[in-house]
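Colleague: the sequence and its predicted three-dimensional model are supplied below.
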2 protein chains.
Amino acid sequence: MKIKQIALVNILLWGVCLGQNGSVRPTSNLPDAKFPRINSDLSATFRVQAEHALKVQLLMELGQSTYDMVKGEDGYWSVTTKPLLPGFHYYGVSVDGFVANDPGSRVFFAARKEVSGLEVPSAESEFFAIEDVPHGTVRTEWYFSKTTGETRRIFIYTPPGYDLSTSRFPVLYLQHGYGEDEAGWSDQGHENFILDNLIAAHKAAPMIIVNENGLPGPSFQPPSAPRAGSKPPPVEQVARYFMNEPYETFDRLVSRDLISFVDANFRTVADREHRAIAGLSMGGAQALRIGLNHLDQFAYIGAFSPAIDITDIAKDYDGGLANPARLNQQLRLFWIGIGSEDFLLAPVRESHATLEKAGIRHVWVESSGAHVWTVWRKYLADFAPRLFQ
Amino acid sequence: MKIKQIALVNILLWGVCLGQNGSVRPTSNLPDAKFPRINSDLSATFRVQAEHALKVQLLMELGQSTYDMVKGEDGYWSVTTKPLLPGFHYYGVSVDGFVANDPGSRVFFAARKEVSGLEVPSAESEFFAIEDVPHGTVRTEWYFSKTTGETRRIFIYTPPGYDLSTSRFPVLYLQHGYGEDEAGWSDQGHENFILDNLIAAHKAAPMIIVNENGLPGPSFQPPSAPRAGSKPPPVEQVARYFMNEPYETFDRLVSRDLISFVDANFRTVADREHRAIAGLSMGGAQALRIGLNHLDQFAYIGAFSPAIDITDIAKDYDGGLANPARLNQQLRLFWIGIGSEDFLLAPVRESHATLEKAGIRHVWVESSGAHVWTVWRKYLADFAPRLFQ
């Protein structure tokens, strides 16, 4: 009954009821697309045209669950899923072996390509909705990096009123996960609306947010993802791979080029007490690595569902955790969160236990949810109010 | 031979030679995509996986020309096109009747959906390339419109140095075509790099550029596009449709809400002598309509391959052209351009003749090229240096 109650609120909230069985058109649809639609039990109905195809499948969550679609007399294939969790889902379709996007939905950069997204509405969506509050700006900037020898694209959120103010602001460096890019935190994450709403409610300090691309240069290949029929690698192996993968290039990029560019071109408070670094999944491992290795630059670290498996505080992160007393004195905040259905739960719990045992102070959040943007949006809304206070 | 010479320059310029028959990977490819690739004669080779498909086609230019793809033993389908014109092309694939994007290429908003784009390199591409010059910013802003009663997304280019300066700047309002949106001029058009390069070369005045969505509210349906087997509507009918389609909502949005927001939140010079309006195709018709009806707000009008067919200066544009002497006195620039292969050539030539006959002063550019972004990028590079001088 709870799901149905939420769904009813959704229909009122989103107000785009199409009048057919109470289903709604998600905000992720392209302007003229009637499908997909979300039904009152939070199942979703998909419909694509493929009149000569022999087999069409819906691939939810980057193929983690599949549904056979059924051909109608009109040449359209359709399927209704089981009830979905509220929030953001990646998906695609397979048409006779051709894996593609749904022409009805907006795409988002994930898995190193453009992937269809589905936003299942929820009463909980309010915190990242476009409310009637002052809005900040998401800027696309280009700057030259000496480290990579190229002009790079970055995204920078400036808070409401930044342009008309003469104040200086603290800065959060916020990173995406493996396979995504610098657009992830605005396109999928809605970092700007989350901060707009927190700032309007006086729950977070006005701040600048910077998003870089965490995979500069040739990408590295992670341990192969689980596939049907093949044995997945142990999850600790995945976590340790991302924790230990040489991130030197990205570390230099952030700690030298990026911070210099931001401090020279924006009204920042350019000291460690007004600088935070956080990230999700691979970006969480990077935030720990860069933050712990540059305590002269950062006083706040956030790790959202991070790809970490900390077992040895003397050796992990090149000794960045080896001096708990110094860490506790220098870090104003060390935040770690993971969802109870996240595939990284075990190694992140182990990391938490290792830090606890060593007396390294940190905020520990074990929430509901899996390894998805729905969770990371909530983590940002929990993390940002704790910064720069 | 000329095409081959250009292609050789391309390979040197772009420097991404994959060593296989001298083919290059276009900048529109997704990071890990080996295909499509551009060959030395500027043909393009496409390759997609669809192991169980019966028929796969390449649809170039939104389906205006099609190629049957051929299945290889590995389950991949491929085809090499005839030599393509340098510049930007929309395309897609059809797999057993399923019309979709190529998973190898970036997508762009066109035809009211997300469509694969192919950038065929050229020595002429330099003017919109990312050069080692100071870069401006492309801002995504949200503002509330009283006209539509909603918070709307807009794109605003601010020139290099805007943030560190205290100067005020003139503003160009620049609109996309039918089926595209406010992202078109930065994503497909590269307005920011074009202006960065012009400003660095002291060829254009530093200016702000504003892009809104020219189709607010429910979209209208244009006269049906030409389809195989059906007779296309006369081109004059298409042109007059877009010229006369009631744009009141968009006119109010721009002339009341948008200009107020921009002048209140950016360091503009808020008078007609420092405000221009231009657009392409449908946006060209809108620029004429809004510019001619608000001469108190705009002193410069640009129409790039505009959907216009001006035959009667007394009646067209609600009499906005009826007083040539006043127009000639008030407009600092009235720029009209069209490509010799553009399907709108005849009605735009007729419009030019009508203006000539009436003695309405305007810059007339008849260039090579069709109804494509390749042409509109060049038009912006011709138009912008004439503004605010």
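Modeller: Thanks, I have it.

Colleague: contacts only, for A:Met69.
Modeller: Going by CB atoms under 8 Å, 6 or more residues apart in numbering or on different chains, A:Met69 touches A:46, A:48, A:56-58, A:77-79, A:93. C-betas here are computed from N, CA, C, even on glycine.

Colleague: and the closest residue to A:Gly302 other than its chain neighbours, what element?
Modeller: Sequence neighbours aside, A:Ala278 is the residue nearest to A:Gly302 in space, at 3.0 Å (criterion: CB to CB, 6 or more residues apart in numbering or on different chains). With elements taken from DSSP states H and E, the one containing A:Ala278 is strand A:275-280.

Colleague: next up, the contacts around A:Asp102.
Modeller: So A:Asp102 contacts A:36, A:46, A:48, A:91-93, A:116 (CB under 8 Å, 6+ apart).

Colleague: chain B next: which of those residues are close?
Modeller: Among these, the residues that sit close to chain B (CB under 8 Å from any CB of the partner chain) are A:48, A:93.

Colleague: just the buried members of the contacts of A:Asp102?
Modeller: The neighbour count (16 or more other CB atoms under 10 Å in any protein chain shown) marks A:36, A:46, A:48, A:91-93, A:116 as buried among those.

Colleague: among the residues you listed, which lie within strands?
Modeller: A:46, A:48, A:91-93, A:116 (DSSP state E).

Colleague: that older thread, tabulate the buried ones among the contacts of A:Asp102 (CSV), appending distance to B:Asp257 and pLDDT.
Modeller: As requested, the buried ones among the contacts of A:Asp102 are exported to CSV (distance: CB to CB, whole Å; pLDDT from 0 to 100):
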residue, distance to B:Asp257, pLDDT
A:Pro36, 32, 98
A:Phe46, 37, 98
A:Val48, 37, 97
A:Tyr91, 36, 97
A:Gly92, 38, 97
A:Val93, 39, 97
A:Ser116, 33, 98
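
Colleague: of those, closest to chain B?
Modeller: Using CB to the nearest CB, A:Val48 is the member of these that lies nearest chain B, at 6.5 Å.

Colleague: residue contacts, the closest one?
Modeller: For A:Val48, the contacting residues are A:35, A:56, A:69, A:76-78, A:93, A:95, A:102-104, B:98, by CB under 8 Å, 6+ apart.

Colleague: what's the most distant pair in these?
Modeller: A:Phe35 and A:Val95 (15.4 Å; CB to CB).

Colleague: what is the burial count for whichever residue of the stretch 201-350 of chain A sits closest to chain B?
Modeller: Of all residues in the stretch 201-350 of chain A, A:Asn265 sits closest to chain B, at 6.1 Å by CB to the nearest CB. A:Asn265 has 15 neighbours, counted by other CB atoms under 10 Å in any protein chain shown.

Colleague: same question, A:Ala201
Modeller: For A:Ala201, using other CB under 10 Å, the count is 12.

Colleague: next: A:Gly179.
Modeller: 22.

Colleague: that one - nearest residue in space that isn't next to it in sequence?
Modeller: Using CB to CB, 6+ apart, the closest residue to A:Gly179 is A:Ala111 (4.4 Å).

Colleague: in contact with the one you found, which residues?
Modeller: So A:Ala111 contacts A:62, A:90, A:179 (CB under 8 Å, 6+ apart).

Colleague: closest to B:Ile310 out of the residues you listed?
Modeller: Nearest member of these to B:Ile310, counting by CB to CB, is A:Tyr90, at 48.5 Å.

Colleague: pretty sure that closest one contacts A:Arg106?
Modeller: No: using CB atoms under 8 Å, A:Tyr90 makes no contact with A:Arg106, being 11.5 Å away.

Colleague: so what sits against both of the two?
Modeller: In contact with both A:Tyr90 and A:Arg106: A:116-117, using CB under 8 Å, 6+ apart.

Colleague: can you pull the contacts of the closest residue to A:Ala200 other than its chain neighbours?
Modeller: In this structure, A:Ala200 finds its nearest non-sequential neighbour in A:Val133, 3.7 Å apart by CB to CB, 6+ apart. Residues counted as contacts of A:Val133 (CB under 8 Å, 6+ apart) are A:160, A:196-197, A:199-200.

Colleague: buried ones in the helix or strand hosting A:Leu380?
Modeller: Assigned by DSSP H and E, A:Leu380 belongs to helix A:373-383. Applying a neighbour-count criterion of 16+ other CB under 10 Å, the buried positions in helix A:373-383 are A:373-381, A:383.

Colleague: of all those residues, which comes closest to A:Ser40?
Modeller: Looking across these and measuring by CB to CB, the closest to A:Ser40 is A:Thr374, at 19.7 Å.

Colleague: distance check, the residue of chain A most remote from its centre against chain B.
Modeller: Distance from the C-alpha centroid of chain A peaks at A:Glu73, with 40.1 Å (CA atoms, centre = their mean). Distance, A:Glu73 to chain B, by CB to the nearest CB, to the nearest Å: 14 Å.

Colleague: what helix or strand does the closest residue to A:Pro306 other than its chain neighbours sit in?
Modeller: Using CB to CB, 6+ apart and skipping residues adjacent in sequence, the residue nearest A:Pro306 is A:Gly284, 2.6 Å away. Per DSSP H and E: A:Gly284 is located in helix A:282-293.
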